[in-house]
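A.B. asks: Give the three-dimensional model of this entry:
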Amino acid sequence: QVQLEESGGGSVQAGGSLRLSCAASGRTFSIATMGWYRQAPEKERELVARIRWSGGSIDYGDSVKGRFTISRDSAKNTVYLQMTSLKPEDMAIYYCNLFSYAVGRDYWGQGTQVTVSS
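C.D. replies: Residues are numbered from 1 along each chain as shown. Predicted coordinates for the structure are as follows:
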């Protein structure tokens, strides 16, 4: 099993910044990707950013390119999401995600709320 512990959500005014962290524990030897998804009310969950553990290549959702940066600390099995120039439309619950190649499944964090006021 894998456990994901998220931190760093909160409230900010438009144009501000927040940093999210997600630490993985448990069976972390088979991480394929780690990243962040978000879900706003009445909308589908969407990719924000993810990083491939081997090689470090990164994917970003179109709406956050140029504003959000994902990074990792492999030794700590932790990913970070630096969010800048936040907009009200970024407001959502942000979920940490880990995909394990050993078991072929996703693991999800409990979610952290990001609120952006205009």
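
A.B. asks: surely Arg72 meets Cys96?
C.D. replies: No. Arg72 is beyond contact range of Cys96, at 11.9 Å (criterion: C-beta atoms under 8 Å). Quick note: C-beta positions are derived from backbone N, CA and C, even for glycine.

A.B. asks: tell me, what's touching those two both at once?
C.D. replies: 34, 79 (C-beta atoms under 8 Å, 6 or more residues apart in numbering).

A.B. asks: of these two, who's got more company?
C.D. replies: Of the pair Arg72 and Cys96, Cys96 is the one with more neighbours under other C-beta atoms under 10 Å, namely 26 against 19.

A.B. asks: Which strand or helix spans the residue nearest the centre of the chain?
C.D. replies: Centroid check for the chain by C-alpha atoms, centre = their mean gives Trp36 as the closest residue, at 2.2 Å. Following DSSP states H and E, one finds Trp36 within strand 31-39.

A.B. asks: Show the pLDDT at the residue nearest to the centre of the chain.
C.D. replies: Among the per-residue scores, Trp36 holds a pLDDT of 98.

A.B. asks: what's next to the strand holding Trp36, contact-wise?
C.D. replies: 20, 22, 24, 45-54, 59, 70, 72, 77, 79, 81, 90, 92-101, 111, 114.

A.B. asks: Please identify the buried residues of the helix or strand just after it?
C.D. replies: Using DSSP H and E, the helix or strand that follows strand 31-39 in sequence is strand 46-52. By 16 or more other C-beta atoms under 10 Å, the buried positions in strand 46-52 come out as 47-52.

A.B. asks: now do stretch 51-60
C.D. replies: 51-53, 60.

A.B. asks: Likewise for stretch 65-82?
C.D. replies: Of all the residues in stretch 65-82, those buried under the rule 16+ other C-beta under 10 Å are 68, 70, 72, 77-81.
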